[in-house]
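Engineer: Dropping the sequence and predicted coords here.
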Amino acid sequence: MPDLLGFKVWIEMQGHKLEEYGPERTEGVEDEIACWVPGDIGAHQNFRVGLCIPPAPRTLNYVLVTYVDGVAKRWSMFPMDDPCPGGAVHKRYIEDLKFTRVGPHTELMGSVLVILATYDSSETDDEDRDTLVGQNVVGSVTFRYRDRDALVFDGIAPATGSAEDPGNLEASAQELQKLNTQILHLNVILRALQDRRFSLIQRRSMEVLEGV
């Protein structure tokens, strides 16, 4: 689960967090994290971005902006005086987002980007819209999504039943033993059919010879 200055970020569908593969982290002026997730594109199901907020007191005002395929979808502000307790038990969700079918890869398509920034203050206009003053991006998380089959094909995600899991290894051994038993049974049937075929050929040959 990516962690940006105490903000933990993840993606989940139907109440289950998506597995993350191939994590990469670049630390510099900004903390950049990237990973792959299996997007269930065919089902066109909604997903949501989960946020775990660092506990108070916080010394800076934060804002998280979520982009899907390069389009800004949500702003989430966390000012210093936010009364939320934070910590592992406090979660907020950015909901009703949807994966799209990805064509040729581009930098933005097939990605969910969460940017974390600080700001000095916020101002509200006559239409109750907030404008942030003194923004400074401090980090980002990019979830690149593809069908699971594509991730497995590219070697990014393990195949189902991978031997990396001892439980999967045991299941694979049992399946192999079952297949070996079936092969032996089929070999017995094949040998019987071959013997019957040979007998039929012999009988047919005798009938031909007797008719000469």
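Structural biologist: Okay, I see it.

Engineer: Look up how far Arg144 lies from Phe7.
Structural biologist: For Phe7, the distance to Arg144 equals 19 Å [CB to CB, to the nearest Å]. All C-beta atoms are positioned from the backbone trio N, CA, C, and that covers glycine.

Engineer: mind giving me the domain split of this structure?
Structural biologist: The record assigns the chain these domain ranges, following automatic domain parsing: 3-153, 161-212.

Engineer: Please render the ones you listed as JSON lines that adds mean neighbour count and mean pLDDT to the earlier fields.
Structural biologist: Shown next, in JSON lines, are those (neighbours: other CB atoms under 10 Å; pLDDT from 0 to 100):
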{"stretch": "domain 3-153", "mean neighbour count": "15", "mean pLDDT": "78"}
{"stretch": "domain 161-212", "mean neighbour count": "10", "mean pLDDT": "71"}
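
Engineer: Identify the residue nearest Ala157 in space, chain neighbours excluded?
Structural biologist: Once flanking residues are discounted, Ala157 sits nearest to Leu151: 3.8 Å by CB to CB, 6 or more residues apart in numbering.

Engineer: Give me the secondary structure label for that neighbour.
Structural biologist: helix (DSSP: H, G, I helix; E, B strand; the rest coil).

Engineer: Show me what the residue positioned nearest the centre of the chain is bridged to.
Structural biologist: Centrality entry for the chain: nearest residue to the mean C-alpha point is Val37, 2.2 Å, by CA atoms, centre = their mean. Taking DSSP bridges as the rule, Val37 bridges to Tyr145.

Engineer: And Phe47, by the same measure?
Structural biologist: Beta-bridge partners, per DSSP bridges, of Phe47: Leu97.

Engineer: Next: the one 4 residues further on.
Structural biologist: Leu51 forms beta bridges with Val9, Arg92, as assigned by DSSP bridges.

Engineer: measure it to Val68 for me?
Structural biologist: For Leu51 relative to Val68 (CB to CB), the value is 15 Å.

Engineer: give the contact list for the residue lying closest to Cys52 once chain neighbours are set aside.
Structural biologist: Once flanking residues are discounted, Cys52 sits nearest to Lys8: 3.8 Å by CB to CB, 6+ apart. Neighbour list for Lys8: Met1, Pro2, Gly50, Leu51, Cys52 [criterion: CB atoms under 8 Å, 6 or more residues apart in numbering].

Engineer: Report the secondary structure state of the spatially closest residue to Thr59 that is not a sequence neighbour.
Structural biologist: Spatial nearest neighbour of Thr59, chain neighbours left out: Met80 (6.7 Å); criterion: CB to CB, 6+ apart. Of the three states, Met80 takes coil under three-state DSSP.
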